[in-house]
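Trainee: sharing a model that was predicted from the sequence below.
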Amino acid sequence: MSDLAYLLPWQFSPTACAVFALTLALYVRGLVALRRTSGAIRWWRPAVFLLGLALNYAVMQTYFDFLAQHMFWIHRLQHLILHHIGPALLVLSAPVPVLRAGIPEPTWRWLCRPGVRVPLGRLWRALQHPVLAPVLFVGLIYFWLTPSIHLTAMLDQRRYLLMNWSMLIDGILFWWLMLAPREAQGASALGYGMRCIILTAVAMPQIALGAYIALSAKPLFDVYALCGRAWAISPMLDQQIGGLLTWIPAAMMSAVGGIVVLHHVLAEERRSGARAARQTSDASARVPA
């Protein structure tokens with residue numbers, strides 16, 4: 001294969017290409033609009049957003065997708081990106097103002113109609129519930145790694161796409177709840193202490209599942225033997241690496257999330273201190289000499 005062939009979709013998905021192309025177009029349009037009205041955005045935010053978008057696209061619409069269907073550890077790397085790394089990068093780039101600026105005004109007015117805004121708002125608040133969000137986040141990992149369900153998902157293209165899209169969408173929802181600043185979340189904002197508790201809570205079952213897979217004495221996922229592995233490694237080694245990718249990065253991502261939460265706490269304290277200092281200064285200036 002030529003080098004270019006590795007960048008082409010293994011199984012072309014019009015939906016995936018349309019979603020990624022539309023997202024990129026809205027983001028670029030928003031960047032241009034904001035630069036005209038409020039000045040340039042710090043360079044690292046678009047860079048982080050584009051990196052997250054590119055990683056998600058790469059694991060779904062390049063030759064990497066073929067490897068993910070024929071190697072268990074590549075599949076776990078694919079879901080590590082779709083469910084953890086890619087969504088976290090998108091959230092950390094603070095893309096909402098840019099995407100909002102990129103949405104055409106007629107479309108935005110339609111989204112703001114009560115018949116559209118109210119049901120979408122209810123669904124959003126339900127998915128951002130501090131109990132449902134972590135249960136869904138961990139539950140999807142366990143669900144798709146149930147051997148019988150995993151077998152059918154890897155053999156049925158529609159279920160395979162459903163699996164990958166569910167991981168990506170749920171990842172964005174969860175990491176938005178965990179990593180976005182409170183002022184960006186509005187009414188659904190979650191306290192920073194609760195976020196740390198949730199990040200710790202979701203790490204534990206992922207570590208347990210990864211350890212179970214990595215330390216299992218027998219192969220758990222027969223589909224890769226059925227379809228043939230892309231590389232000549234033993235089924236147990238393939239499974240052990242995949243288990244480690246499920247085990248170790250879970251704790252690492254929770255730790256990274258905790259660092260981001262701490263950054264938000266310190267940033268809020270700095271802003272509060274600056275506001276208090278300005279108020280004191282203004283009050284002093286109003287006192288007659």
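Mentor: Done, it's in.
Trainee: any idea of the pLDDT on the residue positioned nearest the centre of the chain?
Mentor: The residue lying closest to the centre of the chain (C-alpha atoms, centre = their mean) is residue 87, at 1.9 Å. Listed pLDDT for residue 87 reads 97.
Trainee: and it, which of the three is it?
Mentor: Under DSSP: H, G, I helix; E, B strand; the rest coil, the three-state class of residue 87 is helix.
Trainee: now it: how far from residue 35?
Mentor: 26 Å (C-beta to C-beta, to the nearest Å). Backbone N, C-alpha and C define where each C-beta goes, glycine included.
Trainee: any idea how far residue 208 is from residue 141?
Mentor: 11 Å.
Trainee: got any ranges where the stretch 101-250 of the chain has weak pLDDT?
Mentor: When residues are selected by pLDDT under 70, none of them lie in the stretch 101-250 of the chain.
Trainee: name the nearest residue to the residue nearest to the centre of the chain, ignoring sequence neighbours.
Mentor: Closest residue in space to residue 87, ignoring its immediate chain neighbours: residue 171 at 3.5 Å, by C-beta to C-beta, 6 or more residues apart in numbering.
Trainee: wait, that neighbour touches residue 91, no?
Mentor: No: in this structure, residue 171 is not within contact of residue 91 by C-beta atoms under 8 Å, at 9.2 Å.
Trainee: ok, residues contacting stretch 164-178?
Mentor: By C-beta atoms under 8 Å, 6 or more residues apart in numbering, the residues outside stretch 164-178 that reach it are 56, 60, 78-79, 82-84, 86-88, 90-91, 127-128, 130, 133-134, 136-137, 140, 144, 185, 188, 190, 195, 198-199, 202, 257, 260-261.
Trainee: all helices for the stretch 51-200 of the chain, in order.
Mentor: 64-70, 72-80, 86-92, 96-102, 105-111, 114-127, 132-144, 147-155, 157-179, 182-185, 192-215 (DSSP state H, counting those that start in this stretch).
Trainee: need phi/psi at residue 128.
Mentor: Dihedral pair for residue 128: phi -100, psi 10, per degrees, to the nearest 10.
Trainee: count the residues that sit near it.
Mentor: 18 (other C-beta atoms under 10 Å).
Trainee: how close does it get to residue 75?
Mentor: 28 Å.
Trainee: so for stretch 109-128, what gets flagged as buried?
Mentor: Applying a neighbour-count criterion of 16 or more other C-beta atoms under 10 Å, the buried positions in stretch 109-128 are 127, 128.
Trainee: if you could redo that for stretch 32-50, that was the one I meant.
Mentor: 34, 41, 45, 46, 48, 49, 50.
Trainee: tell me which of those is nearest to residue 249?
Mentor: Distances from residue 249 to the buried residues of stretch 32-50, taken as C-beta to C-beta, are shortest for residue 48 (18.4 Å).
Trainee: just the element for that closest one, please.
Mentor: Secondary structure from DSSP states H and E places residue 48 in helix 44-61.
Trainee: average pLDDT for that helix?
Mentor: 96.
Trainee: between it and helix 72-80, how many degrees?
Mentor: 140 degrees (axes from the mean of the first three to the mean of the last three C-alpha atoms, to 10 degrees).
Trainee: tell me the angle helix 44-61 makes with helix 157-179.
Mentor: 160 degrees.
Trainee: now helix 44-61, how far from the centre of its chain.
Mentor: From the chain centre to the centre of helix 44-61 is a distance of 11 Å (C-alpha atoms, centre = their mean, to the nearest Å).
Trainee: against which helices or strands is the biggest helix by length in the chain packed?
Mentor: Using DSSP state H to define each element, the chain has its longest helix at helix 235-286. Judged by 3 or more C-beta pairs under 8 Å, 6 or more residues apart in numbering; DSSP states H and E, helix 235-286 is in contact with helix 72-80, helix 86-92, helix 157-179, helix 192-215, helix 223-227.
Trainee: switch to 10 Å and redo it
Mentor: With contacts taken as 3 or more C-beta pairs under 10 Å, 6 or more residues apart in numbering; DSSP states H and E, helix 235-286 sits against helix 72-80, helix 86-92, helix 132-144, helix 157-179, helix 182-185, helix 192-215, helix 223-227.
Trainee: tell me what angle it forms with helix 72-80.
Mentor: For helix 235-286 against helix 72-80, the angle by the same axes, to 10 degrees is 20 degrees.
Trainee: if we can go back for a sec, just the CA atoms of the helix holding residue 48, as PDB, please.
Mentor: Provided in PDB are the C-alpha atoms of helix 44-61 (Å, rounded to 0.1, in the frame of the first residue of the first chain):
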ATOM      1  CA  TRP A  44      -3.300  26.800  21.400                       C
ATOM      2  CA  ARG A  45      -7.100  26.500  21.600                       C
ATOM      3  CA  PRO A  46      -7.700  26.000  17.800                       C
ATOM      4  CA  ALA A  47      -4.600  23.700  17.800                       C
ATOM      5  CA  VAL A  48      -6.000  21.500  20.600                       C
ATOM      6  CA  PHE A  49      -9.400  21.400  19.000                       C
ATOM      7  CA  LEU A  50      -8.000  20.400  15.600                       C
ATOM      8  CA  LEU A  51      -5.800  17.800  17.200                       C
ATOM      9  CA  GLY A  52      -8.800  16.200  19.000                       C
ATOM     10  CA  LEU A  53     -10.900  16.300  15.800                       C
ATOM     11  CA  ALA A  54      -8.100  14.800  13.800                       C
ATOM     12  CA  LEU A  55      -7.500  12.000  16.300                       C
ATOM     13  CA  ASN A  56     -11.200  11.100  16.300                       C
ATOM     14  CA  TYR A  57     -11.400  11.100  12.600                       C
ATOM     15  CA  ALA A  58      -8.200   9.100  12.200                       C
ATOM     16  CA  VAL A  59      -9.400   6.200  14.300                       C
ATOM     17  CA  MET A  60     -12.700   6.000  12.600                       C
ATOM     18  CA  GLN A  61     -12.000   6.900   8.900                       C
END
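Trainee: many thanks, we can stop here.
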